[in-house]
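**Student:** Fold the stuff below for me.
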Amino acid sequence: MKHSRKEWKGFRSFVLQKMKEWNVPGAAIAVVKGDEVIMAEGFGFKNEEQKLKVNPETVFAIGSATKAFTTAGMAILADEGKMDWDLPVREYLPEFKMHDPVATERLTPRDLACHRSGLPRHDMMWYNSPFSREEIFQRLRYLEPNRDFRAKWQYQNLMYMTAGYLTGRIAGTTWEDFIHERLFKPLHMKSSNFSVEDMQKLQDYALPYQEKNGKIEKIPFRNINAIGPAGSINSNVLDMANWVRLHLGSSKFSGILSEGSLNELHTPCISCDQSFKEKEFPMAGYSLGWFVEPYRGHHMIHHGGNIDGFSSLVCFMPYENIGAVILTNLNGSVLPNLLAYNIFDRLLGLDEIDWSGRLKGETEKIKKAALGVDRSADISRMEGTEPSHALGDYTGIYEHPGYGELKIELKDGVLQVMYNSFVMPLQHYHYDTFEMKLELTGAKMLSSFDDDLHGYISSFSVPFEMAEGAKEIEFIRKPDQQLYDPEFLASLTGKYTLEDGTELAVSLRGAKTLWVSLPGQPDYELVPYREMTFQIKNLPGFSVRFEADGSGQVKGLRFIQPNGEFPAVRK
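**Tutor:** Predicted coordinates for the structure are as follows:
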């Protein structure tokens, strides 16, 4: 750090004071002015337990600041004539499909990169999920929008994953390899990588922390490789300073991106939410991987990042030719913002604003922004009600074509939801509505069960997506798993005789499909329903229930039809 500059007087003590005030274990800061890095310094601890200090080489997760690397990669392809920002994505990914058919046909790379797809976040679909990038891409078609295509800015990680997927496909490689070759290498970003698995192989990296009940605690690294292009890059402030210099037009990095592409990346495409509702930020737009927002009358371009245990901010003012990178190892912290604003106040010669005082309370908003808020407070609870079924009747596996499987178990008399390795208890609220506590945030949301015409629990609906106008995510209960077991199905096959003497046959075709054959009728495929019951495919209201004796041996079956029930005895 160059202490000779008068604007930095007292800055180090200011940083340490604010870190203490906001409970941040460690931070690293780099400041660029002109084409020079005038500061690169570490503060606090990368490892709080062992008191290992942060230095400029310490690598942090940068979270969503990754997005600007993804758009820069797309801009390189545009410079080479391999991608057009305004041609439909389907020109490059013919299998691309959204829930909205208009978005399917017309959505462009620009739409992917400026958050105007019509989709709300749907973050719970990918967060901690077992899905690969390819699987997530294939499931986009099942995620419902809450706004018309291009009608509103809505922050969307899945569209950025798609943008990276598109980049790799066009380049004939992976997003990771392309960004490494075309950006990391020419920018000399030798410490940067794409996975917390690789990060932990380095000599110098920060551990992730969160604040809980006023205390700092270490938390596990979160692997988000599948959604990588939206937020998986890890870096240090020395590498990131070069990234800022590129965006400020440094001659040392000319040739990586054309001047036209840099301008394209920095030009707003749609108005968006402001960083904070303060007079210093009168308006905001989103360009291609960047927020474009004036700060105290000066043109500021920035993007932050929040992922488990880390908060970051990359920001610069192109007309003043200044920029800063702030990396921290605390979950959902506003410290990077208030430090950046103080840096700009100092470099611009403005009176310093007490941003720390102004931003009290914003931390909780940031924490809740990703995964929703408490939904129970505004609902009138009906006292004295009970569930319509015994608790065991609600257990089972439920499935949504986009979100995947969700399992409900009964443990020690309490229902609990298991989804993407999270365990979330259900407490009865009223009727068949239960209060589910999110393991991630502690937020509570009201979820409900529904039953079918036969009185069986058939679905479980959860407000995983909290955006205005978004529907609850409905998970359909899957049939009992034994109905897919080839050995069990084989035990049901054989000859059966109806009361009028008609003989019928139950056979197994393939490993998992039962069929019923009756004289003079077409063969009927049986579809697993629940317990020992199968529905007859394409015949609503018709089903077959197998019946067993006390020892579990199948002794017969029963046709259940709108006009009655017809038993048959096994021969």
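
**Student:** which SSE is the residue nearest to Pro282 when sequence neighbours are not counted in?
**Tutor:** Closest residue to Pro282 apart from its sequence neighbours, by C-beta to C-beta, 6 or more residues apart in numbering: Pro294 at 6.4 Å. Using the backbone N, CA and C atoms, a C-beta is placed for each residue, glycine as well. Assessed by DSSP states H and E, Pro294 sits inside strand 291-295.

**Student:** Mind listing residues that contact that strand?
**Tutor:** Strand 291-295 is touched from outside by 266-268, 272, 274-275, 280-286, 299-303, 317, 341, 344, with contacts defined as C-beta atoms under 8 Å, 6 or more residues apart in numbering.

**Student:** same thing but 7 Å
**Tutor:** Applying C-beta atoms under 7 Å, 6 or more residues apart in numbering, the contact partners of strand 291-295 are 266, 268, 272, 274-275, 280-285, 300-303, 341, 344.

**Student:** and if you look at stretch 346-361?
**Tutor:** Identification of contacts with stretch 346-361 by C-beta under 7 Å, 6+ apart yields 7-8, 11, 18, 21, 33, 276, 278, 296, 298, 320, 322, 334, 338, 341-342, 345.

**Student:** Now do the same for the closest residue to Thr108 other than its chain neighbours: helix, strand or coil?
**Tutor:** When the adjacent residues along the chain are set aside, Thr108 lies closest to Asp86, with 5.2 Å between them (C-beta to C-beta, 6+ apart). Classification of Asp86 using DSSP: H, G, I helix; E, B strand; the rest coil returns coil.

**Student:** Arg110 is in contact with Asp86, correct?
**Tutor:** Yes. Asp86 lies in contact with Arg110 (C-beta atoms under 7 Å); the separation is 5.8 Å.

**Student:** quick one: which of those two has more around it?
**Tutor:** Between Asp86 and Arg110, Arg110 has the larger neighbour count (other C-beta atoms under 10 Å), namely 21 against 9.

**Student:** In terms of secondary structure, what does the helix or strand containing the more buried one contact?
**Tutor:** Arg110 is part of helix 109-113, with elements assigned from DSSP H and E. With contacts taken as 3 or more C-beta pairs under 7 Å, 6 or more residues apart in numbering; DSSP states H and E, helix 109-113 sits against helix 67-79, helix 157-171.

**Student:** Recalculate using a threshold of 6 Å.
**Tutor:** Packed against helix 109-113, as judged by 3 or more C-beta pairs under 6 Å, 6 or more residues apart in numbering; DSSP states H and E, are the following elements: helix 157-171.

**Student:** pLDDT averaged over the helix holding Arg110, what's the number?
**Tutor:** Averaging pLDDT along helix 109-113 gives 98.

**Student:** what's the answer for stretch 209-223, then?
**Tutor:** Mean pLDDT, stretch 209-223: 92.

**Student:** Now do the buried residues in it.
**Tutor:** Neighbour counts over stretch 209-223 (16 or more other C-beta atoms under 10 Å) mark 209-211, 216, 221-222 as buried.

**Student:** ok, residues contacting the helix holding Arg110?
**Tutor:** Outside of helix 109-113, the residues within contact range by C-beta atoms under 6 Å, 6 or more residues apart in numbering are 71, 74, 85-86, 117, 159, 162-163, 288.

**Student:** Drop anything exposed from those.
**Tutor:** Among the contacts of helix 109-113, those classed as buried by 16+ other C-beta under 10 Å are 71, 74, 85, 117, 159, 162-163, 288.

**Student:** Looking at these, which one is closest to Ser388?
**Tutor:** Taking C-beta to C-beta as the measure, Ser388 lies nearest Ser117 of those, at 38.7 Å.

**Student:** and that closest one, what is it in contact with?
**Tutor:** Neighbour list for Ser117: 111, 156, 159 [criterion: C-beta under 6 Å, 6+ apart].

**Student:** In a markdown table, list the residues you listed along with distance to Ser447.
**Tutor:** Below are the contacts of Ser117 laid out as a markdown table (distance: C-beta to C-beta, whole Å):
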| residue | distance to Ser447 |
| --- | --- |
| Asp111 | 32 |
| Gln156 | 24 |
| Met159 | 27 |
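
**Student:** and of those residues, the nearest to His389?
**Tutor:** Relative to His389, the closest of the contacts of Ser117 is Gln156; by C-beta to C-beta it sits at 37.6 Å.

**Student:** Who are the packing partners of the helix or strand hosting Ala568?
**Tutor:** In this structure, Ala568 sits in strand 564-570 according to DSSP H and E. Packed against strand 564-570 by the contact rule (3+ C-beta pairs under 6 Å, 6+ apart) you find strand 494-498, strand 554-561.
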